[in-house]
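Participant: Sequence unavailable; structure follows:
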């Protein structure tokens, strides 16, 4: 058995989840919510704050006080926790099951598409059957985060990530790495 573990820039992931909620709200005809949460940095911050408040009671029942203090310093801490926990568990399950796994960074499709594709096909022991469709890079969301947001999110991720998860996510939080500015 094999597993491919795809890692997306966490900052992009959080905004993508916001956009998914907007899409669902539009589908459900929640026009007032859409007006209160425009598709921009302001709407994103309102969405994050709303989620943080919505789940606050359950978080206090589940997490220790020290963890809650850490959460409260980070914007969108619920989304940060979900993202990190998903990766923690993905690494754990592949290790427990002794699965052959390949970690792929979503951004590598944009910067090195052919090499990334070849690596995946080699890992899966599959031939390249056709010419692939061109990769469509996603949007950048630097205006959605203030420098202090990035620092608080970095600190929270570092504190709750398992060591293997942090090793793979650290590239998004290293100020000397181009991925840090590529949000």
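Facilitator: Everything's here; your move. Keep in mind it's a predicted model, so treat the numbers as computed, not measured. Numbering: from 1, shown residues only.

Participant: what sits up against the longest helix seen in the chain?
Facilitator: Secondary structure of the chain per DSSP state H: the longest helix is helix 77-96. Helix 77-96 is touched from outside by 3, 5, 7, 10, 13-14, 17, 48, 51-52, 55, 59, 70-71, 74, 99, 101, 153, 156-157, 160-162, 164-165, 168-169, with contacts defined as CB atoms under 8 Å, 6 or more residues apart in numbering. Every residue, glycine included, has its C-beta placed from N, CA and C.

Participant: so where do the strands sit in the protein?
Facilitator: 2-7, 100-105 (DSSP state E).

Participant: and those strands as CSV, adding mean neighbour count and distance to residue 24?
Facilitator: Converted to CSV, the strands of the chain look like this (neighbours: other CB atoms under 10 Å; distance: least, CB to CB, whole Å):
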stretch, mean neighbour count, distance to residue 24
strand 2-7, 15, 22
strand 100-105, 16, 27
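
Participant: Rebuild these as TSV, extending it with mean pLDDT and distance to residue 114.
Facilitator: Formatted as TSV, the strands of the chain follow (pLDDT from 0 to 100; distance: least, CB to CB, whole Å):
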stretch	mean pLDDT	distance to residue 114
strand 2-7	96	17
strand 100-105	96	14
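
Participant: Would you reformat those as a markdown table and include distance to residue 149?
Facilitator: Below are those laid out as a markdown table (distance: least, CB to CB, whole Å):
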| stretch | distance to residue 149 |
| --- | --- |
| strand 2-7 | 20 |
| strand 100-105 | 22 |
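
Participant: quick one, which of the ones you listed is nearest to residue 66?
Facilitator: strand 2-7 (27.5 Å; CB to CB).

Participant: which secondary structure elements does the closest one contact?
Facilitator: Counting contacts by 3 or more CB pairs under 8 Å, 6 or more residues apart in numbering; DSSP states H and E, strand 2-7 packs against helix 77-96, strand 100-105, helix 113-124.

Participant: Now render the ones you listed as a markdown table, adding distance to residue 28.
Facilitator: Compiled in a markdown table, these are given as follows (distance: least, CB to CB, whole Å):
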| stretch | distance to residue 28 |
| --- | --- |
| helix 77-96 | 20 |
| strand 100-105 | 33 |
| helix 113-124 | 36 |
